[in-house]
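A.B. asks: Need coordinates for the following:
(2 chains)
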2 protein chains.
Amino acid sequence: MALKIDQFMDEAINQATKSFSEDGIPIGSVLVRAGQIIGRGHNRRVQHGDPTAHGEIDCLRNAGRQASYKDTVIYSTLMPCAMCAGAVVQFGIAKVIAGENRTFKSSAQFMRDNGVEVVDLDLDQCFELLQQFQIKFPKVWNEDIGVE
Amino acid sequence: MALKIDQFMDEAINQATKSFSEDGIPIGSVLVRAGQIIGRGHNRRVQHGDPTAHGEIDCLRNAGRQASYKDTVIYSTLMPCAMCAGAVVQFGIAKVIAGENRTFKSSAQFMRDNGVEVVDLDLDQCFELLQQFQIKFPKVWNEDIGVE
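C.D. replies: Model (predicted):
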């Protein structure tokens, strides 16, 4: 049984879908505090020519400066990579809820080892969106994950 | 004996000094390939209200999309934090040359464990620049390193 898609993962998926509609990498993210979205974003490597603009980084950038992240949850349609997992640990974000962990060898264990609660919803919808992108733009995907 | 400051660390220090002149966090970074600077940047948390704009992230953003990083060296006036070390590992950057590793508990070992060559120049100049910033703007510094 698939775990439930709540309003926050739904918005992360909306962000991913928006990116795909711009021929960008379909990964979206939202940052939540006390039941409110305080930031949202999506991968913008293609749109802004920015290799650091992964979904989570774009989301954290859009949320702006925060005094603390210990009461925040970050949602991402894909389990964070090493850079984004590093941001989660560095910023002290309490919890990560990921859409899936199948597409890419992620840093779930690194985050858990550093005290972050990590949930994998294992959603076909998120996985299939990235499958479609990889078929359409294989070189861009390989660039994003550092494969030559 | 202090290790030599080459032209690349010199430019990273210039970037850090430029940031301080803007009341920003004085950490600078340059990305080098084949003896040429292909990107430079500095922390812009204060200047852009962007918590993800650490020196190394700003530098990688400014360098733009690269097919590969395996022939690149990143210089930073401070040993990379978890986010920036994650970016180094994720992007496959071959080598990190840091100005110092005293100010902040960094992620040097994480990078070494992931096959990155890491050099610490242990420069008083880089350490003292951050000491000055911490005295002038202690709250901003604590925000940047996630201390409340």
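A.B. asks: C-alpha only now, for contacts and for neighbours.
C.D. replies: Fine.
A.B. asks: The one helix or strand residue A:61 maps to versus helix B:55-63: what angle between them?
C.D. replies: Element membership for residue A:61, per DSSP states H and E: helix A:55-63. Helix A:55-63 and helix B:55-63 are oriented at 100 degrees to each other (axes from the mean of the first three to the mean of the last three CA atoms, to 10 degrees).
A.B. asks: For residue A:34, grab the count of nearby residues.
C.D. replies: Neighbourhood size, residue A:34 [other CA atoms under 10 Å in any protein chain shown]: 9.
A.B. asks: isn't residue A:50 right next to residue B:58, touching?
C.D. replies: No. Here residue A:50 lies out of contact with residue B:58, judged by CA atoms under 8 Å, at a distance of 9.9 Å.
A.B. asks: between the two, who's got more neighbours?
C.D. replies: Taking neighbours as other CA under 10 Å, residue A:50 and residue B:58 compare with residue B:58 leading, 22 against 19.
A.B. asks: Could you tell me which helix of chain A is the longest one?
C.D. replies: helix A:7-21 (DSSP state H).
A.B. asks: Quick check: buried residues in it?
C.D. replies: Of the residues in helix A:7-21, A:8-20 count as buried by neighbour count, 16 or more other CA atoms under 10 Å in any protein chain shown.
A.B. asks: What of stretch A:127-139?
C.D. replies: Buried, per 16+ other CA under 10 Å, within stretch A:127-139: A:127, A:129-130, A:133-134.
A.B. asks: Let's have these in TSV, adding secondary structure, distance to chain B and pLDDT.
C.D. replies: Output for the buried residues of stretch A:127-139, formatted as TSV (DSSP: H, G, I helix; E, B strand; the rest coil; distance: CA to the nearest CA, whole Å; pLDDT from 0 to 100):
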residue	secondary structure	distance to chain B	pLDDT
A:127	helix	20	96
A:129	helix	22	96
A:130	helix	18	96
A:133	helix	18	96
A:134	helix	17	95
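A.B. asks: Could you double-check that residue A:57 lies in contact with residue B:52?
C.D. replies: Yes. Between residue A:57 and residue B:52 there is a contact under CA under 8 Å: 6.6 Å.
A.B. asks: Comparing those two, which residue is more hemmed in?
C.D. replies: residue B:52 (29 against 26).
A.B. asks: any residues in contact with both of residue A:57 and residue B:52?
C.D. replies: Common neighbours of residue A:57 and residue B:52, counting by CA atoms under 8 Å, 6 or more residues apart in numbering or on different chains, are residue A:87.
A.B. asks: Are the lowest-mean-pLDDT helix or strand in chain A and chain B in contact anywhere?
C.D. replies: In chain A, the helix or strand scored least confidently by mean pLDDT, DSSP states H and E is helix A:138-145, which has a mean of 90. Yes. Residues of helix A:138-145 contacting chain B under CA under 8 Å from any CA of the partner chain: A:143, A:145.
A.B. asks: ok, residues contacting that helix?
C.D. replies: A:25, A:45, A:51, A:133-134, A:148, B:66-68, B:90-91.
A.B. asks: repeat that for 7 Å
C.D. replies: The contact list for helix A:138-145 (CA atoms under 7 Å, 6 or more residues apart in numbering or on different chains) reads A:134, A:148, B:67.
A.B. asks: try stretch A:13-28
C.D. replies: So stretch A:13-28 is contacted by A:12, A:29, A:41-44, A:46-47, A:55, A:76-78, A:129-130, A:133 (CA under 7 Å, 6+ apart).
A.B. asks: Mind giving me the ChimeraX select for these, buried ones only?
C.D. replies: Selection of buried members from the contacts of stretch A:13-28 for ChimeraX, criterion 16+ other CA under 10 Å:
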select /A:12,29,41,42,43,44,46,55,76,77,78,129,130,133
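A.B. asks: Which member of the contacts of stretch A:13-28 is positioned nearest chain B?
C.D. replies: residue A:46 (8.8 Å; CA to the nearest CA).
A.B. asks: and the residue lying closest to that closest one once chain neighbours are set aside, how many neighbours?
C.D. replies: In this structure, residue A:46 finds its nearest non-sequential neighbour in residue A:24, 5.4 Å apart by CA to CA, 6 or more residues apart in numbering or on different chains. By other CA under 10 Å, 22 other residues sit near residue A:24.
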